[in-house]
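K.L.:
from the sequence below, what's the structure:
(4 chains)
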There are 2 protein chains.
Amino acid sequence: MSGLRKPGNVSHMDRAEPQRRVTIVDVARHAGVSTTAVSKVLRNAYGASPAMRAKVHQAIEELGYRPYAAARGLRGQTYTIGVMLPDIRNPFFPEILDGLTDTLRDTDYHVLLGPSCDNEKDEGKLTDAMVDRGMDGLVLIAPVMSNARLERLATTVPTVVVGRHTRSARYDTVTDDDTVGAALVVDHLADLGHRRIAHIEHHETDPARLAEMPNAVRADGYRKAMAARGLTVDIVSTSYTQEGGYLGAQQILGRPERPTAIFAGADIVAMGVLTALSEAGLSVPEDISLAGYDNTNVAALGPISLTSVDQAGHHIGTDAARLLLARIADRTRPAAQIKLSPKLVPRRTTAPPRA
Amino acid sequence: MSGLRKPGNVSHMDRAEPQRRVTIVDVARHAGVSTTAVSKVLRNAYGASPAMRAKVHQAIEELGYRPYAAARGLRGQTYTIGVMLPDIRNPFFPEILDGLTDTLRDTDYHVLLGPSCDNEKDEGKLTDAMVDRGMDGLVLIAPVMSNARLERLATTVPTVVVGRHTRSARYDTVTDDDTVGAALVVDHLADLGHRRIAHIEHHETDPARLAEMPNAVRADGYRKAMAARGLTVDIVSTSYTQEGGYLGAQQILGRPERPTAIFAGADIVAMGVLTALSEAGLSVPEDISLAGYDNTNVAALGPISLTSVDQAGHHIGTDAARLLLARIADRTRPAAQIKLSPKLVPRRTTAPPRA
DNA sequence: GAATCTTTGGGTAACGTTGCCCACTGAAGG
DNA sequence: CCTTCAGTGGGCAACGTTACCCAAAGATTC
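P.N.:
Residues are numbered from 1 along each chain as shown, chains lettered A, B, ... in the order given. Here you go, the predicted structure:
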């Protein structure tokens, strides 16, 4: 009525909810072809001529069309990878995540992360939620759920398990040799002259998981390495968190005979230990040596400079992504087990014990 | 053939892909009612008698039915909340996340997190992906995208913006007063006797964002507080990462006249600063004072004991969740702006300058 | 006792996409 | 000239769920 209309992008900003989503039907109409044709172009399936492809691509461009993943899900694919991890605060996991996203960046897949879940119930809820959302593949980092459940899950959706020392025909695994890693630390400390080396582990009671979870295997590696050196095992069970480290250290310091070195099962645990030691007025490594595990960024921090074990998180992530893509492409392929080797990174928190 | 069959849960473990998902149709048949009825019970909608509810619930139980969120998405709801954050390594964000998940725990909603995205392009991809997956609501933490895009996004899907100092009729916001927070630090240092106080900020050039992004507002608060004290502003621009802190500190130390205090715009930045200082053989706070921002767990760590500014991340998270739920329930409700106040937490990294 | 509500239940058409099929064309092969 | 076939395009029925209807029956009102 009142003069010329502007191309419409102004008016739609002022209305409450004017925009209906652009669908494949709109694209088809705009390009003057069938929806089937558009779908074929989208999935670059067989049966679309170059001319057709061009027409459709132009229409997609002009309309700003994006396929609706929720609808695709109903047909079987959502182009979504779900990642589950035990604790978002543990700085080791971002490394793995970076490896995953770097590898997945130039595929059609998107990565979505669940919030931290450190127990079987939360894991169940999260994996259910991911399956219910039609995710195409799952990466489970150090899951604690039962093997039966893991098998069942992997039968439902392509799955890669990271960190847990299991072997299954249904899912692939990427692990780092935690037995060797623990031995690296024990040997390092023993070589420095330490005899009383305590270990703070993440508590684990389930007999099945005792042989499988990275924390349990690490503790077992410690046990074996200590035994091989003829040293007495001294384990405190808390959790792989900063608080776990703090409490574990307090427990250790409360004893009549204090160890000369502490091997924390994870860097984040070592952080808590540092707080407890500092509160107790003990200095590292003069009064007590400390080693962590994971070689996270924090370990390299100047004032901390924590001796740790590197397990190449980024590499773990890229391997996991590759395995998952392969499994999505062919669900019947034989399951692969990738096992990586850890390296010791000595820093300033470990030194010979005071004479 | 060979003896009795076990109740079937063994055999299905051995086949490749036997399980078809239990659908609403199966439940309806099993309960002897219509699918409509089941749907009503699921959504506890009007028009289902108590007897009917009981029957359906029992069938759901017996069949182990879970609604397929991907299919629900096609009808409008996925019961999924998407969270976008700039950097998963920044220990401040897990606090917000905990607040979110705690509040959402006993609702039907699930939280899914995008991988870190620190630039406009990644943000665009992630938010598109979330919209395409039919998410019911989005929480954007310190997004850098343009205001126009933010408006458009919020028109498409219920959105809460955290940290960014914008006001819009389309989305709610939760922010902390960064101007005050910066002043708290400057005043604290100035009161201790410091005159040369440098600030490491997250680089920001876009004029629109200069007034909106928490980092920019923090820098501006620093500027104003310094001016109010008659002190000379000294800003180094890097990023809110550990590396940014490291590089920023190196830049500061390379100058002819060294400041007596550094105000890092985030705790994670302060961590990098600590490394650089330690490498330069400088001790904190004897040679130089250091303050961070966010009061993360690491700041409280014994050997670090970083003076910082607390902005109650958990509280921010619960507020954001509540606002989002309210907006999902009523998309036309007036937009709310919640502004929280920061508190200074003095620790051992700040002290009077050497005389 | 007729008219009007309220309660309870179900039928059905979407939502946006894809995979299976079939139809048509023109070229190659006998 | 008739068959075969690859290439190209489209019709259509799902996928699992929900919202909008309408129908039947019982309860209430005048």
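
K.L.:
so what touches the longest helix anywhere in chain A?
P.N.:
Among the elements of chain A assigned as helix by DSSP state H, the one spanning the most residues is helix A:313-329. Residues outside helix A:313-329 that contact it (Cβ atoms under 8 Å, 6 or more residues apart in numbering or on different chains): A:81, A:92-104, A:107, A:109, A:136-139, A:158-160, A:162, A:171-172, A:174, A:176, A:294, A:333, A:336, A:338, A:340. (C-beta placed from N, C-alpha, C; glycine too.)

K.L.:
neighbours of residue A:322, how many?
P.N.:
Using other Cβ atoms under 10 Å in any protein chain shown as the criterion, residue A:322 is surrounded by 19 other residues.

K.L.:
try the one 4 residues further on
P.N.:
For residue A:326, the count of nearby residues is 15 (other Cβ under 10 Å).

K.L.:
same check on residue A:330?
P.N.:
Other residues lying near residue A:330 total 9 when counted by other Cβ under 10 Å.

K.L.:
tell me the pLDDT of it.
P.N.:
Looking at residue A:330, its pLDDT stands at 92.

K.L.:
now it: phi and psi?
P.N.:
Here the main-chain torsion angles of residue A:330 (degrees, to the nearest 10) amount to phi -150, psi 100.

K.L.:
which of the contacts of helix A:313-329 count as buried?
P.N.:
The neighbour-count test (16 or more other Cβ atoms under 10 Å in any protein chain shown) applied to the contacts of helix A:313-329 identifies A:81, A:92-101, A:103-104, A:109, A:136-139, A:158-160, A:162, A:171-172, A:174, A:176, A:294, A:338 as buried.

K.L.:
out of those, name the ones that lie in helices.
P.N.:
A:93-101, A:103-104.

K.L.:
near chain B, which residues of the stretch 201-350 of chain A? Just list them.
P.N.:
Selection of the stretch 201-350 of chain A residues close to chain B by Cβ under 8 Å from any Cβ of the partner chain yields A:242, A:271, A:274-279, A:284, A:297-298, A:300-305, A:331-332.

K.L.:
so how many other residues sit close to the residue of the stretch 151-300 of chain A found nearest chain B?
P.N.:
For the stretch 151-300 of chain A, the nearest residue to chain B under the criterion Cβ to the nearest Cβ is residue A:278, separated by 3.0 Å. Each residue near residue A:278 was counted by other Cβ under 10 Å, and the total is 18.

K.L.:
now it. Nearest residue, chain neighbours left out?
P.N.:
Distances taken as Cβ to Cβ, 6 or more residues apart in numbering or on different chains place residue B:302 nearest to residue A:278, at 3.0 Å, with adjacent residues excluded.

K.L.:
isn't the one you found up against residue A:274?
P.N.:
Yes. Residue B:302 is within contact range of residue A:274, at 5.2 Å (criterion: Cβ atoms under 8 Å).

K.L.:
same drill for the two, tell me which one is more crowded.
P.N.:
residue A:274 (27 against 19).

K.L.:
ok, that one to residue A:251 distance?
P.N.:
With distances defined as Cβ to Cβ, to the nearest Å, the gap from residue A:274 to residue A:251 amounts to 15 Å.

K.L.:
what does residue A:22 give?
P.N.:
Using Cβ to Cβ, residue A:22 is found at 61 Å from residue A:251.
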